[in-house]
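[1] I'd like to go over a predicted model; first the sequence, then the structure.
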Amino acid sequence: MNPDLERLIQLQRVESELKRVEAEREAIPRALAEMEGRLAEERGRLDAARADLDTTQKARRQHEQTVQDLEAKRSKYKGQLMDVKTNKEYTAMLHEIEGVERDIRAREDLILGEMERGEGLAVEIKREEESFKQAEERHRAESRALDERTRRLEDEVRRLTAERDTIASTVPAALLDLFHRVARSRAGIAVAQVQDAMCQVCHVKLRLQLYADLKRNEEIVQCPACNRILYYEAPPPTVVAEP
């Protein structure tokens, strides 16, 4: 194989691997943001349940205070019964007392409702606290794993960058310039393999004579369709199982 072509093939393989590793590294902040989002959702559910419990406790206290006020009002009306002069006034006072007692019973029903709701929310909060605790533990474990993955990928980026630069330093300047120009215009892929007389990237069929010349890997040849630098690699031999 032409030594320069061999170097370009190696350079493309390293460049492709470097691009893949860098993309994996760049995806980590998104993964971290998704983790933070899931933890925030868990925290939000817990906070919402606590807020609901606080609301129902406040409502219960307000109803209880209202009941105390109504009971004081009822006691006041009962005390005034002794001072009325006529049956009409007495009957009117009894109606006032009955109205207050209805309000008391209605408030007591509301208090009971808030108590039942509070009991349900207390159970929900306990469940959400356990769920949030588990979510925090998962978040810590996943964060450690992402940190380790980041370090590993950064080491890999440094290694591949050094390997790329080493290979690039052995490629003639004109060929290296060609490699970069094609890579920029072809999504980072400047070198393509040929199999069955076809460019394996753009899938254009090559002329038979060009294919025959390519199979020797002696010259730098570009694909007539996509301009990528072409090379031939013989497929692995087919192993036929003995009967």
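    It's in.
[2] which other residues reach the worst-scoring helix or strand of the chain on mean pLDDT?
    The weakest-scoring helix or strand in the chain, judged by mean pLDDT, DSSP states H and E, is helix 208-214 (a mean of 93). For helix 208-214, the surrounding residues in contact (Cβ atoms under 8 Å, 6 or more residues apart in numbering) are 194, 197, 206, 219, 221, 224, 230-232. Placement of C-beta: from N, CA and C, glycine included.
[3] then stretch 167-177?
    Here stretch 167-177 makes contact (Cβ under 8 Å, 6+ apart) with 4, 7-8, 10-11, 14, 179, 220.
[4] so how far is it off the chain centroid?
    Using Cα atoms, centre = their mean, to the nearest Å, the distance from the centre of stretch 167-177 to the centre of the chain it belongs to is 41 Å.
[5] show me which positions of it end up buried.
    167-168, 171, 175-176 (16 or more other Cβ atoms under 10 Å).
[6] select, from those, the two members most distant in space.
    Farthest-apart pair in the buried residues of stretch 167-177 is I167 and L175; separation 11.7 Å (Cβ to Cβ).
[7] domain-wise, how is the protein divided?
    3-168, 173-232 (automatic domain parsing).
[8] can you name the next helix or strand after the helix or strand where L175 lies?
    Element membership of L175 [criterion: DSSP states H and E] is helix 173-185. Next helix or strand after helix 173-185 toward the C-terminus (DSSP H and E): strand 191-195.
[9] and the contacts of the following helix or strand past that following strand?
    On the C-terminal side of strand 191-195, the closest following helix or strand by DSSP H and E is strand 198-199. Identification of contacts with strand 198-199 by Cβ under 8 Å, 6+ apart yields 192, 204-206, 223, 225-226, 228, 230.
[10] show me which of those are buried.
    192, 206, 223, 226, 228, 230.
[11] turn those residues into a markdown table, including distance to R149.
    Formatted as a markdown table, those follow (distance: Cβ to Cβ, whole Å):
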| residue | distance to R149 |
| --- | --- |
| A192 | 31 |
| L206 | 41 |
| C223 | 37 |
| C226 | 34 |
| R228 | 32 |
| L230 | 36 |
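[12] how close does the residue nearest the centre of the chain get to N227?
    Centroid check for the chain by Cα atoms, centre = their mean gives E34 as the closest residue, at 2.4 Å. Distance of E34 to N227, computed by Cβ to Cβ, to the nearest Å: 39 Å.
[13] I am finished for the moment; much appreciated.
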